[in-house]
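Peer 1: below is the structure, and that's it, no one-letter string:
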């Protein structure tokens, strides 16, 4: 088994959605917003991660990289039928009704924890990895489009428009990430963290439909120093709003996203004595982002290094 995570991290994850819907609400599936300001929930990102792990790494026979909080069809259900197992049925079928097996084999629980409303023994785990709601920093505009169907409403009628679809023009959304091993000591391993970063990036990229076309753009992870042998949970506050876009007006589908990191640098400079290193993942052909410090080690990576 790989070593357990022994440091506290904070980070920022950035995505972009052009002419799509980054996260629809439950009323009319329009982009989630408050007075037109686009935001997203953490659940859409967590679903992308779980779906990526389920599709690429889950090994049911060997109980490796299992995903607990994932919709699983009932036995003999067709792929197009919405017939899913209950939480207790998943617990019984894949984890032998043993919560120890969940902690040992369910990689999404190792990452995010979860609430287990099981009939006989409900439990709750606050996971080491926490992701905030996402916030658009590009002044995205919501556009409503008319949509039609290839069928008539009634026999002999002509095709008629049946409704509208809402998308954003260009939303660049930032999320805060916290990785705190003290939330559940010895639960998260180095391999789990590596898989989280890969699934975060490529799980986001792989979820593509006509309306949902979101791409990962930047992942920043700040590693903090420990105090002797103690994992120091040193939170410096939310970071996602410290990034801004320099080229908002001319950005839409033209050239790189150019980030202004002035406010982020100011905040990190205040706490630089507590920072061990900073890792930045970005495609340099799509993104221009720079953090310049003399006293902090900055490591730039291409996304392929996550694989």
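Peer 2: Cool, got the structure. The structure displayed is predicted, hence computed values, not measured ones.
Peer 1: could you use CA atoms for every contact and neighbour count after this?
Peer 2: Noted.
Peer 1: does residue 135 sit in a helix, a strand or a coil?
Peer 2: strand (DSSP: H, G, I helix; E, B strand; the rest coil).
Peer 1: how near is it to residue 104?
Peer 2: 34 Å (CA to CA, to the nearest Å).
Peer 1: more crowded one of the two?
Peer 2: residue 135 (21 against 16; other CA atoms under 10 Å).
Peer 1: surely the more buried one is in contact with residue 42?
Peer 2: No - Residue 135 is beyond contact range of residue 42, at 10.6 Å (criterion: CA atoms under 8 Å).
Peer 1: which stretches of the stretch 151-300 of the chain form helices?
Peer 2: In the stretch 151-300 of the chain, the segments counted as helices under DSSP state H, counting those that start in this stretch are 190-206, 262-270.
Peer 1: buried sites along the longest one?
Peer 2: Put plainly, it is helix 190-206. 192-193, 195-206 (16 or more other CA atoms under 10 Å).
Peer 1: of these, closest to residue 232?
Peer 2: The closest of the buried residues of helix 190-206 to residue 232 turns out to be residue 193 (CA to CA; 18.0 Å).
Peer 1: chain center to stretch 90-109, what's the gap?
Peer 2: 22 Å (CA atoms, centre = their mean, to the nearest Å).
Peer 1: ditto for stretch 281-299
Peer 2: 21 Å.
Peer 1: can you pull up the most central residue in the chain?
Peer 2: residue 45 (3.0 Å; CA atoms, centre = their mean).
Peer 1: are we agreed that that one is in a helix?
Peer 2: Yes - the assignment for residue 45 (three-state DSSP) places it in a helix.
Peer 1: so it sits against residue 206, correct?
Peer 2: No - look at residue 45 against residue 206 with CA under 8 Å: they stay out of range, at 11.7 Å.
Peer 1: hmm, who's touching stretch 55-64?
Peer 2: Here stretch 55-64 makes contact (CA atoms under 8 Å, 6 or more residues apart in numbering) with 65, 66, 67, 94, 105, 106.
Peer 1: let's see it at 7 Å
Peer 2: Here stretch 55-64 makes contact (CA atoms under 7 Å, 6 or more residues apart in numbering) with 65, 66, 105.
Peer 1: from the residues you listed, which single one is nearest residue 24?
Peer 2: Nearest to residue 24 among these, with distances taken as CA to CA, is residue 66, at 27.2 Å.
Peer 1: got a list of what the closest one touches?
Peer 2: Taking CA under 7 Å, 6+ apart as the test, what residue 66 contacts is 58, 59, 60, 105, 106, 107.
Peer 1: mind checking how far it is from residue 29?
Peer 2: Residue 66 is 30 Å from residue 29, by CA to CA.
Peer 1: quick one: the strands in the stretch 101-250 of the chain?
Peer 2: 113-116, 123-126, 129-131, 134-136, 142-152, 159-179, 214-224, 244-245 (DSSP state E, counting those that start in this stretch).
Peer 1: just say which of the ones you listed is most tucked in.
Peer 2: strand 134-136 (a mean of 23; mean count of other CA atoms under 10 Å).
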